[in-house]
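[1] Need coordinates for the following:
(chains A and B)
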Amino acid sequence: MPLVEFRDVSYEISGRTILSGVSFSVEAGETLVLLGRSGSGKTTALKMTNGMLFPTAGQVLVEGKSTRDWDPIQLKRHIGYVIQEVGLFPHFTIARNVGLVPTLEGKPDAGRVDRLLDMVGLPAAEYRERYPRQLSGGQRQRAGVARALAAEPPLLLLDEPFGALDPVIRLDLQDQFLKLRKDLNTTSIFVTHDIREAIRIGTRIILLANGKIDWIAPADEFRSADTQEARAFLRGY
Amino acid sequence: MRSDLLNDLLELTGEHLVLVSIAMALAILIGVPGGIFITRHEGAKKWMLGFASVMQTIPSLALFGFLIPIPFIGGIGKRTVIVALVLYALLPILRNTFVGIMNVDPAVCESAVAMGMTDGQLLRQVQLPLAAQTILAGIRVATVTTIGTATIAAAIGGGGLGVFIFRGVATVDTAQILAGAVPAACMALLADGGLGWIERKLSAA
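    Numbering: from 1, shown residues only, chains lettered A, B, ... in the order given. Okay, here's the model as predicted:
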């Protein structure tokens, strides 16, 4: 059974079609990249995976169960989420930010928080008591990734997590992400508009254009994609 | 004669303080939950903020005039005064609560929801702490104006430092007017300073 399955999913809002007839599935252990321009519907697809949005037609299944049948709070706590703006709570320490979901679940685990901070390259002894404003952009994003991993989610959603970072830090964090994937064997859906990042990070890439799947291929074969949109993206590669 | 004035001063200052405290407590109890309510119910926002704004535009003596004939809340005395003071204090508290919560970084709220916080957790753990400073600023403004406005209470037998002022105006006695005005001003300054101090404490946290 795939971890996530999109079945003929469409999404419309106030007469505008954001996604139409999208079907794909995500198998455990892979990193599926949703690649596309802004407005292609990739973030919408991501938000439908953890029940921030619901399809207007078709259905999204997580672990075989429609997102509409999940308890909305449980579904979100079950899936890790990282957004571009990070969204760390400015009034919480880094440790409290990272430990948020386990704490909400009534199972705080300081040891795991420390291990995660070490794992993402923020030594716990030095960073756990700091506030987000005392960290650089790259460090905040590392904390954001640690927070998403805290509840040991079977699935991680990442919405252009490294988009606002400078190129060098971006490469660092991509490396870190690849290492995390290997160590923890995480499954992720990763949204980006950067083809280099898509090929570097992904095991499989879905190119979205105007709310439809334009091309779908394993990351190492994506270069041979030959639709107009794919060529437009590959020109920059 | 001297000690008479001193006794009056203490008694009326105490009365003033009680009026303001009760009115502010009620205004906060209505204003803060009201402000939270309108962040979640778009439809109620317009009429609640509208109602509070209209209340502020009614001259205080006229407001007393309107309130006196109303059963239960009206009549001559402290109760009417407190109702009027609450109505005046409502707008800054209501508005600042609303604005403070709406101004919390949307990315922070979005990630709170995406992490699986319930609406109550979002409110208590994220929005209220981050809006606290703005809410307190509203309470501060409301408190300072309420201390001033409460001097009108004497006009309908509500007591307070206004008694000195009205008596002084009637007898053209500047000393009496000052005996009412100076303590009221001091009280306002103290409240402003004290609440401002808490506000700065909050921003440092």
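
[2] center of chain A, which residue is that?
    Central residue check for chain A by Cα atoms, centre = their mean: the C-alpha nearest the mean position is that of A:Leu158, 1.7 Å away.

[3] Check the contact between that one and A:Thr186; I expect there is one.
    No - judged on Cβ atoms under 8 Å, A:Leu158 makes no contact with A:Thr186 at a distance of 10.2 Å. Placement of C-beta: from N, CA and C, glycine included.

[4] residues in contact with B:Phe37?
    B:44, B:48 (Cβ atoms under 8 Å, 6 or more residues apart in numbering or on different chains).

[5] How about B:Tyr88?
    Residues near B:Tyr88 by Cβ under 8 Å, 6+ apart: B:55-56, B:60, B:63, B:142, B:145-146, B:149.

[6] Quick check on those: which are buried?
    Buried subset of the contacts of B:Tyr88 (neighbour count, 16 or more other Cβ atoms under 10 Å in any protein chain shown): B:55, B:60, B:63, B:142, B:145-146, B:149.

[7] List the ones among these that fall in strands.
    Using DSSP state E, the subset of the buried ones among the contacts of B:Tyr88 located in strands is empty.

[8] quick one on the thing from earlier: which ones among the contacts of B:Tyr88 also lie next to chain A?
    Subset of these in contact with chain A: empty, counting by Cβ under 8 Å from any Cβ of the partner chain.

[9] quick one: which of these is nearest to chain A?
    Closest to chain A out of the contacts of B:Tyr88 is B:Ala142 (24.5 Å), distances taken as Cβ to the nearest Cβ.

[10] Okay, the nearest residue to that closest one once chain neighbours are set aside and B:Ile22: tell me how far apart.
    In this structure, B:Ala142 finds its nearest non-sequential neighbour in B:Ala89, 4.0 Å apart by Cβ to Cβ, 6 or more residues apart in numbering or on different chains. According to Cβ to Cβ, to the nearest Å, B:Ala89 stands 11 Å off from B:Ile22.

[11] Then B:Gly162?
    Distance, B:Gly162 to B:Ile22, using Cβ to Cβ: 16 Å.

[12] How about A:Gly29?
    Using Cβ to Cβ, A:Gly29 is found at 65 Å from B:Ile22.

[13] Export the buried ones among the contacts of B:Tyr88 as CSV, with columns for pLDDT and distance to B:Ile198.
    Below are the buried ones among the contacts of B:Tyr88 laid out as CSV (pLDDT from 0 to 100; distance: Cβ to Cβ, whole Å):
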residue, pLDDT, distance to B:Ile198
B:Met55, 89, 26
B:Ser60, 84, 28
B:Leu63, 87, 30
B:Ala142, 96, 14
B:Thr145, 94, 18
B:Thr146, 95, 17
B:Thr149, 92, 22
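
[14] Now the two most distant members of those.
    For the buried ones among the contacts of B:Tyr88, the farthest-apart pair by Cβ to Cβ is B:Leu63 and B:Ala142; their separation is 15.7 Å.

[15] what's next to stretch B:172-186, contact-wise?
    B:5, B:8-9, B:12-13, B:16, B:147-148, B:150-151, B:161-165, B:167-169.
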